[in-house]
Structure formats: structure tokens, C-alpha cells
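Engineer: mind folding the following:
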Amino acid sequence: MGFCEHCEGQRFDRAQVLRQLRQTRARLRDDSASWTADEALMIAIKSVRALEIPHLDSVDDLLDETIDDQVVH
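Structural biologist: Alright, predicted model coming up:
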């Protein structure tokens, strides 16, 4: 049993986003400027938006899966 392609992709995407947020946090800490919470969040949101995260399945692909498949979804 394993993860379906869609869920495996989501796990990878989540890891990318968390890595990007950690890098942004480190960059903001190292910066000598003082950031408001709103400014810091906007910078973090922009950095995540800049990631190229594809979506693997269409809605039709998800509906076609059968319950008998040995896949965690």
C-alpha cells in the first residue's frame, strides 16, 4: 500500500512550502529592519506564491478511483 500520486504530490508540495517559509523566516530575522506582523506575513505569502506547484489530478481523475485500490488517499 502506498500513497496515490495526488497525495504524494501534496506531501511534496507541503514540504516545499514549509522549507520556503523557514527560509523566509531566517531571512527576516537576519535583516536589520523591523517588520510588522502584517509585513512579515505578506512577505511569506509572496514567497510561497512564487513557488511553482503543479496540481497533479483533475476532479474527474479523483472520481474515477475505486474503493478496491490499495492506496491511501
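Engineer: how about stretch 10-25: buried residues?
Structural biologist: Using 16 or more other C-beta atoms under 10 Å as the burial criterion, the residues of stretch 10-25 that qualify are 20, 24. Heads up, the C-betas are built off the backbone N, CA and C, glycines and all.
Engineer: and if you look at stretch 41-52?
Structural biologist: For stretch 41-52, the buried set under the neighbour-count rule, 16+ other C-beta under 10 Å, comprises 43-44, 47.
Engineer: and residue 34, what element?
Structural biologist: Following DSSP states H and E, there is no helix or strand that holds residue 34.
Engineer: now it: phi and psi?
Structural biologist: phi -100, psi 120 (degrees, to the nearest 10).
Engineer: re earlier: of all the buried residues of stretch 41-52, which comes closest to residue 13?
Structural biologist: Taking C-beta to C-beta as the measure, residue 47 is the one of the buried residues of stretch 41-52 closest to residue 13, at 14.4 Å.
Engineer: which ones among the buried residues of stretch 41-52 are found in helices?
Structural biologist: The helices in this structure, assigned by DSSP state H, contain 43-44, 47 from those.
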